[in-house]
Every structure is written in C-alpha cells, then in structure tokens.
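J.: please find the sequence and the predicted model below.
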Amino acid sequence: MKKVSKICCIGAGYVGGPTMSVIADQCPEIQVTVVDINQERIDRWNDKDLDKLPIYEPGLKEIVGANRGKNLFFSTEVDKAIDEAEIIFISVNTPTKTYGKGKGQAADLKFVELCARNIAKVATTDKIVVEKSTLPVRTASAIKSILENTGNQVNFEILSNPEFLAEGTAVNDLLNADRVLIGGDDTPSGQEAKDTLSAIYAHWLPKERILQTNVWSSELSKLVANAFLAQRVSSINAISALCERTDANIAEVSRAIGTDSRIGSKFLNASVGFGGSCFQKDILNLVYISRSFGLQEVADYWEQVIIMNDYQKKRFADHIIATLYNTVSGKKIAFYGWAFKKDTNDTRESAAIYVADALLEERAEITVYDPKVSEERIYADLDYLETRSPEENRRLLKVVKEPMQAAEEAHAIALLTEWDEFKTYDWDTIYEKMLKPAFVFDGRRMLSKETMEKKGFQYYKIGQS
Ligand SMILES: NC(=O)c1ccc[n+]([C@@H]2O[C@H](COP(=O)([O-])OP(=O)(O)OC[C@H]3O[C@@H](n4cnc5c(N)ncnc54)[C@H](O)[C@@H]3O)[C@@H](O)[C@H]2O)c1
C-alpha cells in the first residue's frame, strides 16, 4: 500500500468541494488540491468571506475555514495539480446528453474524457485515477484505454469510488457514511490501489464500512442506489394521488407502511416530486444501458419512476389552476422555495422550475422567495427551458428577498421547498396581506391543515383530500 502525500480533485462542484474539504480535515498529513476550469467558482472557494463559498452546505464553511491554506487548496492550475498528485479524483459533471446518440438519456461523458486526456498528457509518474463522478457501467474501461495509450510509460490504476452524499447533509453524510464503495481490478496492482484509497477513508470510517468490489459492481451500484431511492419517492407520490381521491391520508399510510421493518421509514414523504442533478439523470442512464443491452422490460420498469415524478409536478400545477377557478391569468402566485430541497442552493431539476413553467404558460404572475437561491439562478433555470423568451420570463416572474413581500396581494402561495423557516412564519400576517380567499398549496406537507384552516386559509396539502 502506497503512502499518499498529495491528492487532487478535478471538479470543484457539489461533490468535489465538500468531499475534498472533509478528506483534508480528516487527513492533515495529506495535501489536497481541488481544481476547476471555472475561475469564478475557484475565486469563490478562495473568498475570505466564507459566506460567499459557491456551495451552501450546513457545516461546510467551518471545515473550509479551518483547513484552507493549510492542506486544502482551490486552484485553476489543473496541470500542476495533476502532475504533483499521487491520487487524482475526477469529480466533474456528467449531465444527460442533449445531442446525438442517446440524447435525453445517456450520460454525456465529454467532461470526463477531457479529464482523462489531460491526465494522460500531463502525468510523468504513476497515478491512481479515481472516478468520483457517477458514470455508466463500463466507463472505467474507456478511461483506462485513453490513459494506457499515452506512450509515456506511466502506470495508471483506475478505481471507481462513487459518492453517496446528499446535498443539504453532505458534510454529515461524508463524516458518517453508511459505506464507501471502492471498485478496482483484482490484479496485485489493482488491489494495492484499492487498499491505498481505503486507507484514506479509514482515517475516520470503521473498516467494515469500506467495501471493495470490482469496477462494474461499483459503477452499477451507484446508479441502482439512486434508482431505488427515487423509486420510493415515486411510489409514495403515486399513493398520494390515490389518497386525495379517498379518505385515506398519506401521512397515516406512510407511517403505517414505514413502521414495517422490512420497508423502513425513510424516503416515504409525499411531495411535489423529486429534483436534484442526480436521480433523473442516473435513472435515465440505467434506462439507456438496459435498452442498449436489449432489456426493454427492465428499461420500461425504471423509466416509469420518472414518468410518475413528472406526473406529480404536473398534477400539482394543474391542481393550483383548477382550484383558482380554472384561470390563473394575471393572478399573483407566491412561490416559497426554489431549491430542489432544503439546506442547499442547488436548483438543478427542482420541481419549482416545472411548476412555475406550467403556471407561466397559463399567464400567471409568479413572485419567488428562496432563502439561498439567487435571482440570476432562477432566471437561468427558466430560460434554459426555452418555453418563452427571457424578457417574458422576467416580465411574468419576479424574485424578492422577503417572504412577506412575496405574499403581498397574492392570490395563492405555493410551498415548493421544505425550508424549515417556512414553518416559523407569522401566517396570520401573511393571511392579512393576501387577497381573499387566500389559498395555500403545500407541495411539501409542511404545515398543519387544521391550523391553516383556522386562520382562514383555503389550504391544500399533497396527499390529503
Ligand atoms: N450533486 C450531488 O448531490 C451528487 C451526489 C453524488 C454524485 N454526484 C455525481 O458527481 C459528479 C459531479 O457532480 P456535481 O454535482 O459536483 O457537479 P457540479 O456541476 O457541481 O461540478 C462539476 C465541476 O466540474 C468542473 N469541470 C468540468 N469539466 C472540467 C475539466 N475538464 N477540468 C476541470 N474542471 C472541470 C465544472 O466547472 C464544475 O465546477 C456527477 O457525476 C454527479 O452525478 C453528485
């Protein structure tokens, strides 16, 4: 097993930033450099004001503050970091392809491939290259082939080490990981590489939580973990629609099935639908891979999880329109929350984007308040859909910095993210500010129906008739 003194990570995003900060914190003898081609992102990682870090995660700024400049560095000098490191993590984005073969389903691996080519060009000493990004099964062999054909006599060991952290709880998830997965070759040098990486995690995790597998199992397990989690959300959301048509209450159903120890209670909260950069992308990837192996039924089975999620978002928007007397044209609807979940400023695939888009199509006027998401991000999310012009998006949707301002003269409020602060608001004052009847559409099941109705609201909670 090699003793490691320098590692680097390519990609200073939601995974690379927190993961490397925790490694630096737990392994003071290792110098950790996180590199990115995005200068602005790196500048923000280096900002003296820790509130300006590019990623908001509870507990992250404290860890960055304690280690930055000691053994944790953020830089745009990619080649230098590759050259010096013994282990190189690749943690770049792997979005769904928007062009060519596999468009709309397969993972776009161009960023990963660029990294591999860059490592091949720069490396002059043996390296362990770690896939931290979520990649389709058999990507490691593509990376291996690129690296092995450099002709500069350097030996590369490729490991798959997918990341299981969840945004909003990333630091805690990293420090108390249920398991870490390390996939690699069963050759002596492959085993040595797996042990070298395992030793890093063993600084803070018990050995039994560090699982070594072959590369393919590791790559596939990451996709399957996300598919199973998303499947639970879609399953409970499907039942929420049924609850609304009957006298069943989704909270009671969730509790009743979640207390079955074979099922367990997590990921059983009905909501307006899952978002985030990973669930949809990884399932689409699974669907694509299954289809490419001719496994049509397997592909269809997993695709249904996404179809159900899209249905839930559409159902929520349709319910708002139907309740507001079948027209939202010119009506002010306040959105509380834009992030895809609480405690993150990430908005990728957030349900709020799609609900907003559906309401804007009906000419609603939306005012958004989110405690952590910037105005630029919100407009960028909407513009990306290309449903209407950027000018039209700015005319119909406004972003405010105060929740009370959003409620002013609103016909309705829609809760799209489960930020804890929404529970603590003075809902009596909000009621006074709104037009009557004052509607609240709770897409996160945060508030009490009884209390809200007592205050005078017309209150709808997903999963309750
Ligand atoms: N976000 C999550 O919760 C999460 C969880 C587990 C796994 N993952 C996976 O981790 C990977 C990264 O996700 P993320 O959310 O951190 O993405 P991200 O978009 O936040 O960050 C990726 C970063 O990589 C940089 N980059 C791209 N190409 C580069 C290159 N050639 N050289 C240097 N930098 C480059 C980008 O500028 C960007 O800053 C993805 O494969 C994702 O599926 C994400």
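T.: In hand now; what should we look at? The shown structure was predicted, so the numbers you read here are calculated from the model rather than taken from an experiment. Numbering: from 1, shown residues only.
J.: so what's whatever residue of the stretch 151-300 of the chain ends up closest to the ligand up against?
T.: In the stretch 151-300 of the chain, the residue that lies nearest the ligand is Glu163 (4.0 Å; C-beta to the nearest ligand atom). Any C-beta I mention is one placed from the backbone N, CA and C, and that applies to glycine too. Glu163 makes contact with 15, 19, 91, 132, 134, 222, according to C-beta atoms under 8 Å, 6 or more residues apart in numbering.
J.: try 6 Å this time
T.: Residues in contact with Glu163 (C-beta atoms under 6 Å, 6 or more residues apart in numbering) are 15, 132.
J.: check Leu268 too.
T.: By C-beta under 6 Å, 6+ apart, Leu268 lies in contact with 236, 254, 258.
J.: do the same with Leu385
T.: Contacts of Leu385 (C-beta under 6 Å, 6+ apart): Asp357.
J.: please redo it, this time with the cut-off set to 10 Å
T.: 353-354, 356-357, 360, 393 (C-beta atoms under 10 Å, 6 or more residues apart in numbering).
J.: save these as JSON lines, and put in neighbour count too.
T.: Listed next are the contacts of Leu385 as JSON lines, based on neighbours: other C-beta atoms under 10 Å:
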{"residue": "Ile353", "neighbour count": "21"}
{"residue": "Tyr354", "neighbour count": "22"}
{"residue": "Ala356", "neighbour count": "28"}
{"residue": "Asp357", "neighbour count": "19"}
{"residue": "Leu360", "neighbour count": "23"}
{"residue": "Asn393", "neighbour count": "21"}
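J.: which one of those is nearest to Gly190?
T.: The nearest member of these to Gly190, counting by C-beta to C-beta, is Ile353 at 42.4 Å.
J.: so the closest one sits right up against Gly337, yeah?
T.: No. The criterion here is C-beta atoms under 10 Å, and Ile353 misses it with Gly337 at 11.5 Å.
J.: tell me how far Phe335 lies from the ligand.
T.: According to C-beta to the nearest ligand atom, to the nearest Å, Phe335 and the ligand sit 23 Å apart.
J.: give me the common contacts of Ile353 and Gly337.
T.: What both Ile353 and Gly337 touch, as defined by C-beta under 10 Å, 6+ apart, is the set Leu416.
J.: what are the ranges of the strands in this structure?
T.: Taking DSSP state E, the strands of the chain run over residues 6-10, 31-35, 72-75, 87-90, 127-131, 156-160, 180-183, 210-213, 332-336, 365-369, 397-399, 412-415, 439-442, 458-461.
J.: need the residues of the stretch 251-400 of the chain near the ligand, please.
T.: 277-278 (C-beta under 6 Å from any ligand atom).
J.: name the helix or strand of this structure that has the lowest mean pLDDT.
T.: Taking mean pLDDT, DSSP states H and E as the measure, helix 139-148 is the helix or strand of the chain with the lowest mean score, a mean of 84.
J.: elements contacting that one?
T.: Packed against helix 139-148 by the contact rule (3 or more C-beta pairs under 10 Å, 6 or more residues apart in numbering; DSSP states H and E) you find helix 110-122, strand 127-131, strand 156-160, helix 215-245.
J.: kindly export the second one (C-alpha atoms) in CSV.
T.: Listed in CSV are the C-alpha atoms of strand 127-131, where the atom choice follows Å, rounded to 0.1, in the frame of the first residue of the first chain:
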residue,chain,number,x,y,z
LYS,A,127,-1.1,7.6,-10.7
ILE,A,128,-4.3,6.2,-9.1
VAL,A,129,-7.2,7.7,-11.0
VAL,A,130,-10.5,7.7,-9.1
GLU,A,131,-13.9,8.0,-10.8
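J.: if we can go back for a sec, tell me the buried residues in the least confident helix or strand of the chain?
T.: By neighbour count on 16 or more other C-beta atoms under 10 Å, the buried set for helix 139-148 is 139-140, 142-144, 146-147.
J.: nearest to Asp51, out of the strands of the chain?
T.: Taking C-beta to C-beta, strand 72-75 is the member of the strands of the chain nearest to Asp51, at 16.1 Å.
J.: where exactly do the helices run in the stretch 351-465 of the chain?
T.: 351-361, 375-385, 390-396, 403-407, 421-424, 427-433, 449-454 (DSSP state H, counting those that start in this stretch).
J.: tell me which of those helices sits most buried.
T.: Among these, ranked by average contacts under mean count of other C-beta atoms under 10 Å, first place goes to helix 351-361 (a mean of 23).
J.: relative to strand 332-336, how tilted is that helix?
T.: Helix 351-361 and strand 332-336 are oriented at 170 degrees to each other (axes from the mean of the first three to the mean of the last three C-alpha atoms, to 10 degrees).
J.: pLDDT on helix 351-361, on average?
T.: Mean pLDDT, computed over helix 351-361, is 98.
J.: what packs against that helix?
T.: Where contact means 3+ C-beta pairs under 10 Å, 6+ apart, helix 351-361 is packed against helix 296-323, strand 332-336, strand 365-369, helix 375-385, helix 390-396, strand 397-399, strand 412-415.
J.: can you lay out those as a markdown table showing mean pLDDT?
T.: Listed next are the helices and strands packed on helix 351-361 as a markdown table, based on pLDDT from 0 to 100:
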| stretch | mean pLDDT |
| --- | --- |
| helix 296-323 | 98 |
| strand 332-336 | 98 |
| strand 365-369 | 98 |
| helix 375-385 | 97 |
| helix 390-396 | 98 |
| strand 397-399 | 98 |
| strand 412-415 | 98 |
